[in-house]
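# could you look at this predicted model? Sequence included:
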Amino acid sequence: MIEKELWHPVALTDEVAGAPFAARLLGENLVLWRDAAGAVQAWADRCPHRGAQLSLGRVVACEGGTRLECPYHGWQFATGGRCAHVPALPDFQPPATHRATMHAAQEAHGLVWVRLQGEGGALPAFAAEHDVQLRKLNCGPYDVETSAPRLVENFLDMAHFGFVHEGWLGARDMTAIDDYRVEATPDGLLATGCKAWQPQSTINSTAPAKVEYSYEVTAPYAAVLTKIPEAASVGIDGYQESIALFICPVDAECSRVWFRLATADFARDDAQLRAFQDTIFLQDKPVLESQQPKRLPLELRAELHTAADKASSFYRRHLLARGITFGVC
């Protein structure tokens, strides 16, 4: 499964602190914890002794560092996964084969990322992360009973603005979609020249405006939008905003979502910015959960399409060509 060779977000970085943290990715249970150096460890959430969940255990200090202790028989596992102590046999030296199943982990964009299999490979790109003139913060997580590809396709879709986000990102009598350009990239697609009339495109909006968007799919379950509203409609010179969509495919029909904001707004506090994003996404959530099937159909004839769906149709063809099987049908 190619999805297991990709990096996926599984938790906010500050959720992984002093205690083990349970997560789930691609149908597999994980336990996250920090070792004495502060590095995140990501293991299968199963003790190799009798199968108990390691996330129900605790992180214990020991000579030379910390260990993750199983809640069932107290077996302790050191950084790297090897069993270092069996309380029932204090003098026993566990062999190298007595170990937890490890996965690669790293931190970026305020999130913990895990790769279940393989080596190498880059995280989904987010160019705005490195722009020092933009403020960064995460919104979420949002748990949604639908597949990760359905979420990406919704993110690319402008035709729903006037209905799902009426009075915010659109209006029913202003829903016409002008033609736009979609092209392939090494990691997905880039859609440019996307324009939408919006009553309130951002929390900073002071007047309705025509807003230009660009969308980039940066991985099978990740995408970025950049919006440039008319200057007079936001009251901030040179205003720009990029939003990254990062999805954890928990199961084939269940996802956990984060949005990473990069914005020129330094006036409002985090709670205000998150409240706006909450409002927008929680309008999407019930509609997304109502879609049938929950897995995204890759056979183009399974659902109807128009020119307004150009980006989503391109996305479906990309997933099919890449061999993505998780969350599609």
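Perfect, thanks for sending it.

# report the separation between the two terminal residues of stretch 157-164.
Start-to-end span of stretch 157-164 (CA to CA, to the nearest Å) is 11 Å.

# buried residues, that stretch. List them.
By neighbour count, and taking 16 or more other CB atoms under 10 Å as the criterion, the buried residues in stretch 157-164 are 157-162, 164. Bear in mind the C-beta positions are built from the backbone N, C-alpha and C, glycine included.

# ok, stretch 259-278 next?
Under the neighbour-count criterion of 16+ other CB under 10 Å, stretch 259-278 has 259-265, 273-274, 276-277 buried.

# for these, which one is nearest Leu30?
Leu30 has its nearest neighbour among the buried residues of stretch 259-278 in Arg260, at 21.1 Å by CB to CB.

# cross the buried residues of stretch 259-278 against helices and list the overlap.
Among the buried residues of stretch 259-278, the ones falling in helices (DSSP state H) are 273-274, 276-277.

# between these, which is nearest Val182?
Closest approach to Val182 among these (CB to CB): Gln277, at 25.4 Å.

# is it correct that the closest one is in contact with Val257?
No. Taking contact to mean CB atoms under 8 Å, the distance of 10.6 Å between Gln277 and Val257 leaves them out of contact.

# re earlier: got TSV for the ones in helices among the buried residues of stretch 259-278, with pLDDT and distance to Glu303 too?
Supplementary listing: those in TSV, determined by pLDDT from 0 to 100; distance: CB to CB, whole Å:
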residue	pLDDT	distance to Glu303
Leu273	92	34
Arg274	95	33
Phe276	90	31
Gln277	94	28
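
# tell me the strands beside the strand or helix carrying Gly140, with direction?
Take DSSP states H and E as the rule and Gly140 turns out to sit in strand 135-144. The sheet places strand 135-144 alongside strand 254-263 (antiparallel), with pairing taken from DSSP bridges.

# so, low pLDDT: which residues of the chain?
For the chain, the stretches with pLDDT under 70 are 200-207, 229-239.

# at 50 instead, please
Low-confidence regions of the chain, defined here as pLDDT under 50, cover residues 232.

# which residues of it fall in helices?
With DSSP H applied, the chain shows helices at 148-156, 161-164, 270-290, 310-322, listed in chain order.

# hmm, Gly167 and Thr279 touching each other?
No. Between Thr279 and Gly167 there is no contact, the gap being 10.6 Å when judged by CB under 8 Å.

# now Val40: closest residue in space that isn't a chain neighbour?
The spatial neighbour of Val40 that comes closest, neighbours along the chain excluded (CB to CB, 6 or more residues apart in numbering), is Ala105 at 4.7 Å.

# show me the beta-bridge partners of the one you found.
Counting by DSSP bridges, the residues bridging with Ala105 are Val114.

# so what's it up against?
Under the criterion of CB atoms under 8 Å, 6 or more residues apart in numbering, the neighbours of Ala105 are 32, 40-42, 112-115.

# so how do I select the buried members of those in PyMOL?
Of those, the buried ones go into a single PyMOL selection, burial set by 16+ other CB under 10 Å:
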select buried, resi 32+40+41+42+112+113+114+115
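
# ok, the contacts of Ala105 vs Ser55, which is closest?
Leu32 (8.2 Å).
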